[in-house]
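> below are the sequence and a predicted model for it; my questions follow.
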Amino acid sequence: MVRPAQIAEADNLVVGLDWPRADFRIAGLEFLIGLLATACPPEDGSTWLDWWHSPPSPATLDAALAPFAHAFDLDGDGPRFLQDREDLVSDPEPIERLLIESPGASTLRQNTDLLVHRGRVARLGRPAAAMALYTFQGWAPAGGAGNRTGLRGGGPLTTLVLPGERPTLWQTLWANVPVRPEGPPAPEEYPLVFPWLAPTVTSEGNRGVTPEQSHPLQAWWGMPRRIRLDFAPGDQPCDLTGSRDGVQVTSWRQRPRGANYVGWGRVHPLSPYYAQKPGDAWLPVHPQPGGIGYRHWLGLVMRDREGLRLPAQSVHQWRETRERDVGRPGTRLLAAGYDMDNMKARGFVESEMPLPPAADKEKQENLATALILSANQVAAVLRSAVRQALFSPGATVKLEAELFSSLRERVWEATEAGFFERLAAQPEDAKASWLHELRRLALALFDEAAPLTPENGALAPRISRARRGLVFALSGFGKEGAALFGLLGLAAAQPKAKKGRGKAA
């Protein structure tokens with residue numbers, strides 16, 4: 001257990017957060033990065049570099065954090081951290097429901113809490129309760145009429161640079177802290193940064209909270225839900241940490257119509273963003289089924305060709321300047337967040353992938369784009385070929401069916417190692433060898449999904465035609481083949497000219 005001021009302690013290095021939950025660990029990193037970004041942000045690249053090479057002492061961080069300490073009182077008669085100013089009149093809810101994946105009231109009434117059971121957490125100590133509250137307010141999912149989502153919507157994706165193979169906690173945090181030339185906020189701005197220091201801005205009549213009405217730093221401290229924690233004395237261990245606190249939180253109360261955050265666009269430094277089409281509003285990226293892999297490189301690490309998917313500010317800043325300034329081999333990208341289906345958490349997604357440095361960033365990005373888009377094209381051609389092999393032309397088969405989704409995922413999974421090897425080494429034959437790997441994999445997956453076996457005897461002619469068409473496309477013939485070769489910058493195959501018959505004299 002350490003105080004925030006001890007995260008950079010030289011003689012007792014902290015290497016990570018050891019919360020018993022993955023979402024608390026990621027939210028805890030967000031919390032500490034937000035704390036540094038608020039209390040002691042680097043004014044420019046030079047001051048960032050100073051603290052990278054010589055981390056601040058606990059005394060220095062204590063002095064920087066002291067003016068903000070009153071904003072982090074969890075209990076008491078005054079303002080409470082991330083809680084409504086009013087002592088809300090509402091029926092208490094079990095503290096367990098502050099955990100995003102816990103079953104709600106409707107699920108309990110229908111007795112359908114089969115995968116995530118009720119009754120796992122009955123009491124929390126104050127440390128776990130504070131982190132549960134921060135996680136919930138920051139990533140708040142839809143919660144019924146008037147219960148607002150977080151500032152980045154429900155269950156946003158967080159991306160963090162992990163600088164080097166074994167970074168300390170300080171290095172991980174400082175690598176992701178944005179530059180802020182204005183420095184820390186002035187005392188009169190505190191209520192705009194920490195909304196619980198002021199009367200709650202409710203959202204009756206669809207009233208929204210915009211960046212212009214608050215402060216950009218509120219991106220770290222959004223409070224969409226009107227919540228009050230209930231505290232009581234007790235010495236039983238916390239159900240999450242096992243620690244005894246002397247004070248327990250067993251329930252909480254809420255009221256609807258908290259802050260409705262609108263128009264925040266590309267404000268949060270740890271979120272990648274996308275737009276539906278040019279000129280549309282920027283929206284935060286959210287995890288989707290299937291997890292996170294190298295296919296998401298476009299948008300998580302670099303912008304896509306259309307400029308409609310942009311990496312998080314922290315990732316962009318690392319690749320633009322910090323990577324060059326500090327040079328950390330083994331740097332990775334951490335991407336994590338809840339995969340939400342409206343109010344239901346389908347799962348917590350967490351993935352790491354290499355973030356190789358680039359002597360020529362433009363060349364690396366062009367290669368990454370070509371490899372990713374060509375793999376996507378091969379996955380599409382493969383799915384189409386399998387569909388033609390197994391189903392008649394008039395059959396109604398959705399490409400999202402399990403078989404086709406599985407084929408697509410296996411293409412990405414099988415080629416991930418090869419992608420990063422080529423991206424790091426950038427060999428001259430990278431694209432040609434990539435095409436060879438994709439061709440071999442696609443044919444193997446086709447033969448597995450549509451085998452020419454006695455059981456498939458009736459389908460044999462269709463399977464043969466579909467496989468022949470797949471081979472042609474993978475060899476550069478036809479519209480699909482030309483598109484594939486074009487993505488890789490390779491010359492597509494040209495059909496042989498037909499010989500004409502000569503006329504007799």
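Here it is on my side, so go on.
> just the helices in the stretch 1-150 of the chain please.
Remark: helices assigned in the stretch 1-150 of the chain by DSSP state H, counting those that start in this stretch are 22-39, 45-53, 58-65, 105-109, 126-139.
> same for the longest one, what does it pack against?
Taking 3 or more CB pairs under 8 Å, 6 or more residues apart in numbering; DSSP states H and E as contact, the helices and strands that helix 22-39 lies on are helix 58-65, helix 126-139, strand 158-162, helix 169-176, strand 332-341, strand 344-354. No exception for glycine: its C-beta is placed from N, CA and C like everyone else's.
> now do the third one
Helix 58-65 sits against helix 22-39, with contacts defined as 3+ CB pairs under 8 Å, 6+ apart.
> buried ones in the helix it packs on?
Across helix 22-39, burial judged by 16 or more other CB atoms under 10 Å covers 23-39.
> do the same with stretch 208-228
So for stretch 208-228, counting by 16+ other CB under 10 Å, buried means 209, 211, 214-228.
> SS state for Ser384?
Secondary structure, DSSP: H, G, I helix; E, B strand; the rest coil: Ser384 is helix.
> which residues sit in contact with it?
Residues near Ser384 by CB atoms under 8 Å, 6 or more residues apart in numbering: Glu480.
> would you agree Ile227 falls within a helix?
No. Read with three-state DSSP, Ile227 is strand and lies in no helix.
> what's the burial count for the closest residue in space to it that isn't next to it in sequence?
Closest residue in space to Ile227, ignoring its immediate chain neighbours: Gln254 at 4.9 Å, by CB to CB, 6 or more residues apart in numbering. Counted with other CB atoms under 10 Å, the neighbours of Gln254 add up to 20.
> out of the helices and strands packed on helix 22-39, nearest to Leu88?
Leu88 lies closest to helix 126-139 among the helices and strands packed on helix 22-39, at 14.1 Å (CB to CB).
> which residues of this protein fall in strands?
In the chain, the strands defined using DSSP state E lie at 93-94, 124-125, 158-162, 226-234, 246-255, 273-274, 283-284, 309-310, 332-341, 344-354.
> redo those strands as CSV? Include distance to Glu437 and mean pLDDT.
As requested, the strands of the chain are arranged in CSV below (distance: least, CB to CB, whole Å; pLDDT from 0 to 100):
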stretch, distance to Glu437, mean pLDDT
strand 93-94, 52, 93
strand 124-125, 50, 96
strand 158-162, 27, 98
strand 226-234, 51, 96
strand 246-255, 53, 95
strand 273-274, 29, 96
strand 283-284, 34, 94
strand 309-310, 25, 96
strand 332-341, 23, 94
strand 344-354, 18, 91
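> what pairs with Tyr274 across the strands?
Going by DSSP bridges, Tyr274 is paired in beta bridges with Leu283, Arg309.
> same deal with Asp341?
Lys344.
> what's around it, how many residues?
Residues lying near Asp341 (other CB under 10 Å) number 14.
> can you give me the distance of it to Val247?
In this view, Asp341 and Val247 are 35 Å apart by CB to CB, to the nearest Å.
> please apply the same query to Ala450.
Counting by CB to CB, the gap from Ala450 to Val247 is 63 Å.
> one step back: closest one to Glu480 among the strands of the chain?
strand 309-310 (24.0 Å).
> which outside residues touch that closest one?
By CB under 8 Å, 6+ apart, strand 309-310 touches 266, 272-274, 282, 285, 298-299, 303, 316.
> again, only using 7 Å
Identification of contacts with strand 309-310 by CB atoms under 7 Å, 6 or more residues apart in numbering yields 266, 272-274, 298-299, 303.
> mark which of these are buried, thanks.
Buried among the contacts of strand 309-310 by 16+ other CB under 10 Å: 266, 272-273, 298-299, 303.
> these in helices, which ones?
If you go by DSSP state H, those have 298-299 in helices.
> got the contact list for the closest residue to Thr38 other than its chain neighbours?
Of all residues not flanking Thr38 in the chain, Leu217 sits nearest, at 5.3 Å (CB to CB, 6+ apart). Shown in contact with Leu217 (CB under 7 Å, 6+ apart): 37-38, 185, 193.
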